[in-house]
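Novice: okay, predicted coordinates and the sequence, questions at the end:
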Amino acid sequence: MIDTTPTEPVRIGPSILSADFLRLGQEAAAAERGGADYLHFDVMDGRFVPNISIGLPVLTALRGGTSLPIDVHLMIVEPERWVEPFVTAGANSVTVHAEATMHLHRLMRAITDAGAEPGVAINPATPLTALDEILPFVQRVLVMTVNPGFGGQAFIPAMLDKVRRLRATIDRVNPRCRIQVDGGITIETIRPVVDAGASLIVAGSAIYNDRQSVAEALGALRSAVSVS
Ligand code: DX5
Ligand code: ZN
């Protein structure tokens with residue numbers, strides 16, 4: 001039998017964009033009890049993406065209600081203006097889009113200096129070559145597996161090959177860098193993305209839905225990747 005066990009642990013972060021905001025504290029607690037590795041926090045400005053979501057006051061409240069690491073995904077223009085406030089409000093990692101800033105290298109440094117782990121994200125249509133010069137300097141790359149802006153969209157199958165090609169490059173230039181995927185992750189798509197080389201998983205509607213509890217959903221995603 002072929003050993004397909006991933007070399008690094010798979011970490012799953014529920015995206016609270018799909019949670020019930022009226023009960024955000026309980027939704028975060030359910031993720032923590034259910035074994036989530038981190039919480040994913042989507043910030044949208046209505047300019048970089050065609051939607052507006054949540055920002056600093058919600059992050060501050062969430063920080064006070066969970067001990068899980070909070071992973072902030074900035075889908076905003078001029079992210080450099082907002083790194084420090086989001087880290088101060090409680091972000092443990094901050095991911096910015098390569099498409100949204102002219103000074104990605106400087107921004108990665110600014111995130112580290114502010115006290116969080118930096119990540120760089122690319123949209124489905126952005127070529128991997130956009131990452132060539134920054135890869136040696138980052139510990140995580142987020143490959144968007146849907147067009148950012150909304151939860152509940154369908155996974156774009158062509159992104160599997162993109163993850164695979166990125167993994168091959170990363171293994172050469174910066175093997176400690178992790179690949180994160182975000183968008184359309186379900187019990188059907190999680191295994192293929194992990195096999196392609198992703199180890200940080202974001203899942204919104206597959207975890208927060210009315211079909212199952214948060215713990216059941218997390219368990220189902222984990223078993224989809226743990227069976228060889
Ligand atoms: C989409 C956001 C995602 C979203 C994922 O723009 O970045 O984090 O919450 O939701 P699902 O898992 O439902 O596609
Ligand atoms: Zn996200």
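Specialist: Nice, I can see it. Ligands and ions are numbered 1, 2, ... in the order given.

Novice: quick one: which helix or strand includes the residue in the chain that ligand 2 sits nearest to?
Specialist: Closest residue of the chain to ligand 2, CB to the ion: His73 (3.7 Å). C-beta here means a position set from N, CA and C on the backbone, and glycine is covered the same way. Following DSSP states H and E, one finds His73 within strand 70-75.

Novice: could you spell out the sheet neighbours of that strand, each with its direction?
Specialist: Partners of strand 70-75 in the sheet, by DSSP bridges, are strand 39-44 (parallel), strand 93-97 (parallel).

Novice: just send these back as CSV, with mean pLDDT and mean neighbour count too.
Specialist: Shown next, in CSV, are those (pLDDT from 0 to 100; neighbours: other CB atoms under 10 Å):
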stretch, mean pLDDT, mean neighbour count
strand 39-44, 99, 25
strand 93-97, 98, 26
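
Novice: I'd like these laid out as a markdown table, including distance to Gln212.
Specialist: Below are those laid out as a markdown table (distance: least, CB to CB, whole Å):
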| stretch | distance to Gln212 |
| --- | --- |
| strand 39-44 | 18 |
| strand 93-97 | 27 |
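
Novice: what bridges to the residue of the chain closest to ligand 2?
Specialist: Beta bridges link His73 to Asp42, Thr95 when assigned by DSSP bridges.

Novice: how about the CA coordinates for the strand holding His73, as PDB?
Specialist: Extracted in PDB, the C-alpha atoms of strand 70-75 (Å, rounded to 0.1, in the frame of the first residue of the first chain):
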ATOM      1  CA  ILE A  70      -6.800  33.700  15.400                       C
ATOM      2  CA  ASP A  71      -5.800  33.800  11.700                       C
ATOM      3  CA  VAL A  72      -6.800  37.100  10.100                       C
ATOM      4  CA  HIS A  73      -7.300  37.000   6.300                       C
ATOM      5  CA  LEU A  74      -7.200  40.600   5.000                       C
ATOM      6  CA  MET A  75      -9.200  40.900   1.700                       C
END
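
Novice: ok, it near ligand 1 or not?
Specialist: Yes - Strand 70-75 is in contact with ligand 1 by CB under 6 Å from any ligand atom, via His73.

Novice: quick one on the thing from earlier: the residue of the chain closest to ligand 2 reaches Leu39, doesn't it?
Specialist: No - counting by CB atoms under 8 Å, His73 does not reach Leu39; the two are 10.9 Å apart.

Novice: show me where this protein has helices.
Specialist: Secondary structure of the chain, counting by DSSP state H: helices at 24-33, 56-63, 83-88, 104-114, 159-173, 190-196, 214-226.

Novice: what does the average pLDDT come to for stretch 11-28?
Specialist: Across stretch 11-28, pLDDT averages out at 98.

Novice: buried ones in it?
Specialist: Residues of stretch 11-28 classed as buried: 11-19, 24, 27-28 (neighbour count, 16 or more other CB atoms under 10 Å).

Novice: and what of stretch 59-67?
Specialist: Neighbour-count burial for stretch 59-67 [16+ other CB under 10 Å]: 59, 62-63, 66.

Novice: over to stretch 194-201?
Specialist: In stretch 194-201, the ones that count as buried by 16+ other CB under 10 Å are 194, 196-201.
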